[in-house]
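**Student:** Sequence and computational prediction follow.
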Amino acid sequence: MEEYINPLIGGLLIGATATFYLFSTGKVLGISGILAQAIFKKDKMLPIVFLIGLIIGGSFYGNLIPQMTAFPENRNIWLLIASGLLVGYGTRLGSGCTSGHGVCGISRLSPRSIIATIVFISSAMITVYIVKFLPIN
C-alpha cells in the first residue's frame, strides 16, 4: 500500500497546481507553453518563476524522498539529445505536451486533448510491446 502513497500525493499536487494556475492566471497549465513563454514572450517573469519553482521543488523532493526506481548509470548523450529534440518537435506538432493534454485538457473535456492523450498512450503501449516482446536484433 505504501508504494501508492507517493504517486497519489504527486497526482493531487499536480491537479492542485493546475487548478491554482488556471484560477490565478486564466491560462491552462502546460509545461511546453510555459517554456515557450519564458523563451519567446516579452513578459517572462511568471513563466520563469514557475520553471524555477518546478526545478527547486523537484530537486527538493528528489533529495527528500528515496528513489523507488534505479536510473541507468550509462547514458548516451547523443541519444538523450535526439530524444529531447523529438519530444520537443512532437510537443509543437501536437499543440502541447502530454501533461498539458492529459491533465488539463481532459479535465476541461477538450476533444483535441482527449484524442491526443489516446494517441500518446496507444503509441507508448505499442512501443513497449515492440521493445519488450518482439525479437529485434
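**Tutor:** Arrived safely, thanks for sending.

**Student:** Quick check: buried residues in the helix or strand hosting Ile118?
**Tutor:** Following DSSP states H and E, one finds Ile118 within helix 111-133. Across helix 111-133, burial judged by 16 or more other CB atoms under 10 Å covers 113, 116-117, 120. Any C-beta I mention is one placed from the backbone N, CA and C, and that applies to glycine too.

**Student:** From the residues you listed, pick the one nearest Phe23.
**Tutor:** Lowest distance from Phe23 to those (CB to CB) belongs to Ser113, with 19.0 Å.

**Student:** Does that closest one touch Gly96 like I think?
**Tutor:** Yes - at 7.4 Å, Ser113 and Gly96 qualify as touching, with contact defined as CB atoms under 8 Å.

**Student:** Spit out the contact partners of Gly105.
**Tutor:** Counting by CB atoms under 8 Å, 6 or more residues apart in numbering, Gly105 makes contact with 28, 96, 112-114, 116-117.

**Student:** All good on my end, thank you.
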